[in-house]
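Visitor: Starting from these lines, generate the structure:
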Amino acid sequence: MMTRFLLLIAVAFLGIGSVAASTREGAAASAICSKLHRQLASLSSNRSRSVSRAPEVRQLQGELATARAWARQENCLRGLFRRPSYSPQCMSLNNDIARLQAEIAQAKQAARYSPAGSPAERRQVLAALANYDCDATPQRSVGLFTRLFNQRQAREEASYSDTAYAPVTRQRSNAAIRLKKEREQERIRSQTRARIDRERERERDRLVERERDRNRERDRERVVERDAEPVSRRIEKIAAISESVSPLKNLNVKGGLRTLCVRTCDGYYFPISFSTDRKFFARDESSCSAMCPGTETKLYYHNVRDEDSEDMLSAATNTPYADLPTAFNYRKLKATPGCSCQAAAPQSQPVAGTNKFTPIPNGSSAMPSETREKDDAASAKTSVFIGIPRRRPDPAADPETMLNTEGGLNRDDLIRLTDKDAAMANSAGAKVRVVGPKFFPDQQEAKGLRVPGPNEAR
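Guide: Coordinates of the predicted model:
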């Protein structure tokens, strides 16, 4: 009795377990069949066709929006107040936009009028339905033993996805791939142009800095050359400018001979001609004597380009200036008495019986020697005089005017010489007839005279 009771309990538990297992297996099989039925329905429905094409259309529309954005950025699209650009890049973008629009329209048309599905896809779905004992119609209830023996297939199919037999998703369009490639190439070109511009800017800065360094080096060399140049050469250049001689560029003087007038009493010298030739020595010697008439002078010369003033030679004997006994005496603190380029004023003494003075020639012994010696000593003690060269005569000046100025001719002398009351007599004392001062008749005798009037008409 007890054994039968235990056996009944075991059979009950076994039945309950089988029912639970069959319930679970039935639920799994029902899920698989439902998936297969949905797949078959999607292949037969127009709505499913449009839904299956929706991802493709959305992808094409996104690519079209991107292409239009690029075209708008490059001014390739026509606007209200602007004309489109026809550059090669714009032409390529416009072609891509037209191609994408055509592909979108084609995808929409295919979703609307294409067949429900390919025969191969339908055969695959129907075979799966038969394998899992699913009818083409909605799934019926399955018996206990069918559920028990189909557990392995149910476990395998439970891992399948809803899109196990869905159509293959369309690959990305060639236009989108080409557009992406062009964008990448444009980015690379922009980076290359920016890099080239930076290199050019750096090279330009290097060239400017190198030119500045060269200019600074040239300026430094000029300063060094100027500091190393003798003072006498600088004086010569300044003299060339003051004498209206145009030196060459960079203050380089031209060749030739420079003549100087030397005062033999103290060795003082001053320039006559800056750049001349030997054939003009006679002219320069005359100018030297005229510019310093108060003492003896000699003409010296030296090469302008290679020699200084201290290297000058005598134009008459070719002896150096240093051999002159009085060379450089003018540099001493004590001046040589009576050594000046100014002519000495003529001395005068009173004429016996009159208050007038007559000039006495230079070298005359009319003045007492004691007085002369005292005057010379006093002048030597109280005055230190170094002759300053006179200005050179103006070549454009009137020679007669220059002679009148040097001779002291003035207006008062002319009036005095032409005075009508001056006594005009020759050496014998005879009167000389004067012509010219009196041109009009005596005004006293001319009183009462008048021009006769016209005759009265009868």
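Visitor: what's the pLDDT at residue 259?
Guide: Here the pLDDT value assigned to residue 259 is 94.
Visitor: ok, now residue 204?
Guide: With respect to pLDDT, residue 204 has a value of 90.
Visitor: Show me what the helix or strand in which it is found is packed up against.
Guide: Counting by DSSP states H and E, the element that carries residue 204 is helix 174-228. The helices and strands touching helix 174-228, judged by 3 or more Cβ pairs under 8 Å, 6 or more residues apart in numbering; DSSP states H and E, are helix 46-73, helix 88-113. For glycine as for every other residue, the C-beta is placed from the backbone atoms N, C-alpha and C.
Visitor: Could you tell me the least trusted of those helices?
Guide: Mean pLDDT is lowest for helix 46-73 among the helices and strands packed on helix 174-228, at a mean of 74.
Visitor: could you check the angle helix 174-228 makes with that one?
Guide: Between the axes of helix 46-73 and helix 174-228, defined by axes from the mean of the first three to the mean of the last three Cα atoms, to 10 degrees, the angle is 20 degrees.
Visitor: Could I get the helices and strands packed on helix 174-228 in a markdown table, plus columns for distance to residue 123?
Guide: As requested, the helices and strands packed on helix 174-228 are arranged in a markdown table below (distance: least, Cβ to Cβ, whole Å):
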| stretch | distance to residue 123 |
| --- | --- |
| helix 46-73 | 18 |
| helix 88-113 | 22 |
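Visitor: Turn these into JSON lines, including mean neighbour count and distance to residue 297.
Guide: Below are the helices and strands packed on helix 174-228 laid out as JSON lines (neighbours: other Cβ atoms under 10 Å; distance: least, Cβ to Cβ, whole Å):
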{"stretch": "helix 46-73", "mean neighbour count": "16", "distance to residue 297": "93"}
{"stretch": "helix 88-113", "mean neighbour count": "16", "distance to residue 297": "91"}
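Visitor: can you pull out the strands in the stretch 251-400 of the chain?
Guide: Here the stretch 251-400 of the chain has its strands, by DSSP state E, counting those that start in this stretch, at 257-263, 269-276, 297-303, 313-314, 347-350, 357-360.
Visitor: between the ones you listed, which one is nearest to residue 67?
Guide: strand 269-276 (83.3 Å; Cβ to Cβ).
Visitor: so what secondary structure elements neighbour that closest one?
Guide: helix 231-242, strand 257-263, helix 281-291.
Visitor: and of the helices and strands packed on helix 174-228, who's closest to residue 307?
Guide: Comparing the helices and strands packed on helix 174-228 under Cβ to Cβ, the one sitting nearest is helix 88-113, at 76.2 Å.
Visitor: That closest one to helix 174-228, inter-axis angle?
Guide: If you take the same axes, to 10 degrees, helix 88-113 sits at 160 degrees to helix 174-228.
Visitor: Could you number the chain from 580 rather than 1 from now on?
Guide: Shifting the count to begin at 580 puts that one at helix 667-692.
Visitor: how about JSON lines for the strands of the stretch 830-979 of the chain, with mean neighbour count and distance to residue 698 added?
Guide: Listed next are the strands of the stretch 830-979 of the chain as JSON lines, based on neighbours: other Cβ under 10 Å; distance: least, Cβ to Cβ, whole Å:
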{"stretch": "strand 836-842", "mean neighbour count": "23", "distance to residue 698": "121"}
{"stretch": "strand 848-855", "mean neighbour count": "20", "distance to residue 698": "117"}
{"stretch": "strand 876-882", "mean neighbour count": "21", "distance to residue 698": "119"}
{"stretch": "strand 892-893", "mean neighbour count": "16", "distance to residue 698": "128"}
{"stretch": "strand 926-929", "mean neighbour count": "12", "distance to residue 698": "155"}
{"stretch": "strand 936-939", "mean neighbour count": "12", "distance to residue 698": "155"}
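Visitor: and of the ones you listed, who's closest to residue 782?
Guide: Nearest of the strands of the stretch 830-979 of the chain to residue 782, taken as Cβ to Cβ: strand 848-855 at 48.3 Å.
Visitor: which of the residues in the helix or strand hosting residue 701 are buried?
Guide: Residue 701 is part of helix 698-710, with elements assigned from DSSP H and E. Of all the residues in helix 698-710, those buried under the rule 16 or more other Cβ atoms under 10 Å are 700, 701, 703, 704, 707, 708.
Visitor: Which strands and helices lie in contact with that helix?
Guide: With contacts taken as 3+ Cβ pairs under 8 Å, 6+ apart, helix 698-710 sits against helix 581-623.
Visitor: which residues are in contact with the one helix or strand residue 981 maps to?
Guide: Residue 981 belongs to helix 978-986 when assigned by DSSP H and E. Contact with helix 978-986 is made by residue 972, as judged by Cβ atoms under 8 Å, 6 or more residues apart in numbering.
Visitor: Measure how that helix sits relative to helix 860-870, angle-wise.
Guide: Per the same axes, to 10 degrees, the angle that helix 978-986 makes with helix 860-870 is 40 degrees.
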